[in-house]
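1. Coordinates for the following, if possible.
(chains A and B)
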Number of protein chains: 2
Amino acid sequence: MSKKIKLGIVGYGNLGKGAIEAIKQTPDMELVAVFTRRDPKNLNINEPNVKTLQIQEASDYKNEIDVMILCGGSATDLPEQTPYFASMFNTVDSYDTHAKIPEFYESVNEAATKNNTTAIISVGWDPGLFSINRVLADAILPNGENYTFWGKGLSQGHSDAVRRVEGVKNGVQYTIPSESAVDKVRSGENPELTTADKHSRVCYIVAEEGADKAKIEKEIKTMPNYFADYDTEVHFITEEELKRDHSKAPHGGFVIRGGNTGAGNKQIYEFSLKLDSNPEFTASVLVAYARAAYRLNQEKQYGAKSVFDVAPGHISPRTREELRRDYL
Amino acid sequence: MSKKIKLGIVGYGNLGKGAIEAIKQTPDMELVAVFTRRDPKNLNINEPNVKTLQIQEASDYKNEIDVMILCGGSATDLPEQTPYFASMFNTVDSYDTHAKIPEFYESVNEAATKNNTTAIISVGWDPGLFSINRVLADAILPNGENYTFWGKGLSQGHSDAVRRVEGVKNGVQYTIPSESAVDKVRSGENPELTTADKHSRVCYIVAEEGADKAKIEKEIKTMPNYFADYDTEVHFITEEELKRDHSKAPHGGFVIRGGNTGAGNKQIYEFSLKLDSNPEFTASVLVAYARAAYRLNQEKQYGAKSVFDVAPGHISPRTREELRRDYL
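-> Below is the predicted model:
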């Protein structure tokens, strides 16, 4: 076997932890170091061969790490970190602020092109696998409509929003795809649907002692942007129930395209994920695309890339011969 | 807009007809000619700008056709036709004899490499889109299991088999995925399942007058390889019912991978198709990959390729900027 691809991880949140687990499952890659802004001594990584280092030390590892897996957040970490690390390393990241992807791409592309590195941006499931399916389905069935549904899943942003309501001690919010909307789309009707038509929202709330539950419920259900347009349920539970039943981070969703070919034959294309752990799955996608970043760089394909630029075989540990024989 | 990609079609069966329809839906490609072994005068193509020509005339069109879409069958046509046409044109085909793909690849690769053409083999949905999903899922969730289910769909091979039974005037066979098997796989149990565990078979038979229906049913249900191991239903219907209810060629299926990440979190990856017309959908995939064959050839990526070698963006008519902005 040829030499293993050497990886670094930047950031030790849920995504970084998921990446450590995902790398252990790969036969052809190994983790060299985890870089953090915290005091590295306080990370409990428990992997004897993995260094824990400060983020500023990364530049010393230019020759020891093939691909850096960037596990920071999209709001403030990645817009800074990806161009910075792409000036020294091949990178993958999960940048997911859809509206700002074009400018993010430009700044990463400039850094990577200048330094002959390869940076695959916006990797994960949405953006990522869902994006691939939106593009394939659109290319294959030009006469049709794409639909993306999210959930059932815990939404971080909406959970934060309910926790800011007065009288709420703790809480979580699940986004639920509307079954009737999914059924309509699967039937090939190609209906017009808003995001609110496609989803409902369910909140599990721990109220502070003596808080006015009716008021909390009303405030949540009428919150503009987050809940007002949606069919929303609010359930009050205890802190123990919250810990017991709602401490995982499940997620998932569907991409469906209904298309027409010939004299009106309906063709339904569907991709879906049902994930027990959103961060562990996203990290698994990042790790597979780290393999592609390394290979594209070996082929001198420098600059910023997205999942649209990566052939499926490039993320697989298997040889093309094996893939053609056993997977085609 | 840049010049349109010029296409030819070889073979005027259901797949070739589907390709004509699919090309009409593309903004950036146009059909130049259909080549046939029959007398071209007898083809009723009804497209004033499309030539109908004999297959031997194709070599005169080397400079007028960018990609040839090969719509012949896998048993005898493509093993001969793909290497022959790949020596003159970029090609796409839907070669689907899984066991013989490696040798088919070698013979096509030799012809294409020698002549600086690009030949994408085994394009469609299985092999094709299903293959892509088997590879992506395996790369992302190494600790897991892939499952492929086919149906509900009309199987040509099994329909031929029932029609050979004595006393059968006409008939069709549908392959049906077992709901309980699909549910088990979707739950992430990763069960051991044979092809017979995963599917049942339903036959609609028009018996000849006076034929012994019990004997027909028994002969079908005990037919080795085709039916003996399967849960099989046999229904007798009239010729009119057959024409009315069973003259379409629907098909579809699922690729599901159940994987585990971290400390046993279940992650379910699923891709599915529900097709009113199998040949029209397969043709639509071929036409989209014709675009990729042309582009890969422009990039001097010569030789035989499979869907594993084609980045998603390469089959899309949209620019990379548009894809990043609207589809990522």
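2. residues of the helix or strand hosting A:Ile220 that come out buried?
-> Taking DSSP states H and E as the criterion, A:Ile220 maps to helix A:213-221. Residues of helix A:213-221 classed as buried: A:216-217, A:219-221 (neighbour count, 16 or more other Cβ atoms under 10 Å in any protein chain shown). The way it works is simple: take the backbone N, C-alpha and C, and place the C-beta from them, glycine included.
3. Which one of the residues you listed is nearest to B:Thr261?
-> Distance ranking of the buried residues of helix A:213-221 against B:Thr261, using Cβ to Cβ, places A:Ile220 first at 32.3 Å.
4. Could you tell me the model confidence score at the closest one?
-> Looking at A:Ile220, its pLDDT is 96.
5. right, and it touches A:His235 too?
-> No. With contact taken as Cβ atoms under 8 Å, A:Ile220 and A:His235 are classed as non-touching, separated by 10.9 Å.
6. Overlap in contacts, those two.
-> For the pair A:Ile220 and A:His235, residues contacting each of them under the criterion Cβ atoms under 8 Å, 6 or more residues apart in numbering or on different chains are A:203, A:205.
7. Closest to the centroid, which residue in chain A?
-> Centroid-nearest residue in chain A, with Cα atoms, centre = their mean: A:Gly124, separated by 3.8 Å.
8. Would you mind listing what in the stretch 101-250 of chain A touches chain B?
-> Of all the residues in the stretch 101-250 of chain A, those in contact range of chain B (Cβ under 8 Å from any Cβ of the partner chain) are A:101-102, A:105, A:122, A:127, A:129, A:131-136, A:138-143, A:186, A:248.
9. of those, buried ones?
-> A:101, A:105, A:122, A:127, A:129, A:131-136, A:138-143, A:186.
10. Would you mind pulling the contact partners of stretch A:213-223?
-> Stretch A:213-223 has contacts (Cβ under 8 Å, 6+ apart) with A:161-162, A:165-168, A:203, A:205, A:207, A:227-228, A:232, A:234, A:236.
11. Out of those residues, which sit inside strands?
-> Within these, membership in strands is found for A:168, A:203, A:205, A:207, A:232, A:234, A:236, as judged by DSSP state E.
12. May I see the buried residues of stretch A:98-107?
-> A:98, A:101, A:104-105.
13. Which of these fall in helices?
-> The helices in this structure, assigned by DSSP state H, contain A:101, A:104-105 from the buried residues of stretch A:98-107.
14. Please tabulate these in JSON lines and include pLDDT and distance to B:Phe254 as additional columns.
-> Rendered in JSON lines, the data for those read as follows (pLDDT from 0 to 100; distance: Cβ to Cβ, whole Å):
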{"residue": "A:Ile101", "pLDDT": "96", "distance to B:Phe254": "31"}
{"residue": "A:Phe104", "pLDDT": "98", "distance to B:Phe254": "35"}
{"residue": "A:Tyr105", "pLDDT": "98", "distance to B:Phe254": "34"}
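15. Double-check A:Lys114 against A:Ser87; I have them as touching.
-> Yes. Between A:Lys114 and A:Ser87 a contact is recorded at 7.1 Å, counting by Cβ under 8 Å.
16. Looking at the two, which one has more neighbours?
-> More neighbours sit around A:Ser87 than around the other of A:Lys114 and A:Ser87, counting by other Cβ atoms under 10 Å in any protein chain shown; the figures are 17 against 12.
17. Check the gap between the more buried one and B:Leu15 for me.
-> Distance from A:Ser87 to B:Leu15, counting by Cβ to Cβ, to the nearest Å: 50 Å.
18. For A:Asn278, which non-adjacent residue is spatially closest?
-> Nearest in space to A:Asn278, with sequence neighbours left out and distances taken as Cβ to Cβ, 6 or more residues apart in numbering or on different chains, is A:His251 at 3.9 Å.
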